[in-house]
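Undergrad: got a predicted model here, sequence first, then my questions.
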Amino acid sequence: MTVTPPEAKPEYSRAPRRSQTPAEIPRAVLAGGLAGALLLLVAEFMPLYDEDSAASRLPLRTVQSGGHHAYALIPVALLALVLAIGASRSGSRPALLGIGALGLLTALIALLGDLPDAHASGLAGSAGVGFSTAKDVPQIGFYLETLGAALLVTTGAAGLLLSGTRGVPARAAYQERALDSPRPDIGNEQ
């Protein structure tokens, strides 16, 4: 019994495989990580919210972003910067995942920790001076930290979605070796 070999050679019947990511993706990851980290660093030194009174045109007090959450965004920004540099150089998927996770952490700090205080209202003053109705108004620090969080999440997610794997997966490499190796003809006995 003679078995005929397949018509096409295996190396011609497969589409070419892309083994590296386009050069724009690492640059975009670096730019997004750098911009997000810079926004978080700047936000820490900006006013988070003003406490405005109905009785006065001047704010009763201004709360700084960094003092409100103990400068927690500085280490987050520095780690995001290091991860962005690492992800842009090596294409590390865990680094991209870390950038996205830091963005989510920052969003939680902004939305659960800062947002309720930035929109609070009530009585302000003291017993000796008097009380007046006051309302907190968000300032630039709140918007910068929220924008930085969104940028880090977007950078991490886009980097993960757009970057391909750097090498050939193990199963595909095994299949390629199996197809390229000479195989004995089965059933072709002479």
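TA: Great, that's in hand.
Undergrad: next secondary structure element downstream of the lengthiest strand in the chain?
TA: For the chain, the strand with the greatest residue count under DSSP state E is strand 130-138. Where DSSP states H and E defines the elements, the next helix or strand beyond strand 130-138 is helix 140-162.
Undergrad: dump that following helix to CSV, restricted to CA.
TA: Extracted in CSV, the C-alpha atoms of helix 140-162 (Å, rounded to 0.1, in the frame of the first residue of the first chain):
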residue,chain,number,x,y,z
ILE,A,140,-7.5,70.6,39.9
GLY,A,141,-5.8,67.9,42.0
PHE,A,142,-8.8,65.7,41.9
TYR,A,143,-9.1,65.9,38.1
LEU,A,144,-5.4,65.3,37.6
GLU,A,145,-5.3,62.1,39.7
THR,A,146,-8.5,60.8,38.0
LEU,A,147,-7.0,61.5,34.6
GLY,A,148,-3.7,59.9,35.6
ALA,A,149,-5.6,56.8,36.7
ALA,A,150,-7.6,56.6,33.5
LEU,A,151,-4.4,57.0,31.5
LEU,A,152,-2.6,54.2,33.4
VAL,A,153,-5.6,51.8,33.0
THR,A,154,-5.8,52.6,29.3
THR,A,155,-2.0,52.2,28.8
GLY,A,156,-2.0,48.8,30.5
ALA,A,157,-5.1,47.5,28.7
ALA,A,158,-4.0,48.8,25.3
GLY,A,159,-0.5,47.4,25.7
LEU,A,160,-1.9,44.0,26.7
LEU,A,161,-4.3,43.9,23.8
LEU,A,162,-2.0,45.2,21.1
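Undergrad: and the angle for the longest strand of the chain with helix 140-162?
TA: 30 degrees (axes from the mean of the first three to the mean of the last three CA atoms, to 10 degrees).
Undergrad: alpha carbons of strand 130-138, as PDB, please.
TA: Output of strand 130-138 as PDB, limited to C-alpha atoms (Å, rounded to 0.1, in the frame of the first residue of the first chain):
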ATOM      1  CA  GLY A 130     -20.900  81.000  64.300                       C
ATOM      2  CA  PHE A 131     -21.900  78.300  61.800                       C
ATOM      3  CA  SER A 132     -22.600  78.700  58.100                       C
ATOM      4  CA  THR A 133     -23.500  76.300  55.300                       C
ATOM      5  CA  ALA A 134     -20.400  75.100  53.400                       C
ATOM      6  CA  LYS A 135     -19.900  73.000  50.400                       C
ATOM      7  CA  ASP A 136     -16.800  71.300  49.100                       C
ATOM      8  CA  VAL A 137     -15.800  71.900  45.500                       C
ATOM      9  CA  PRO A 138     -13.300  69.700  43.600                       C
END
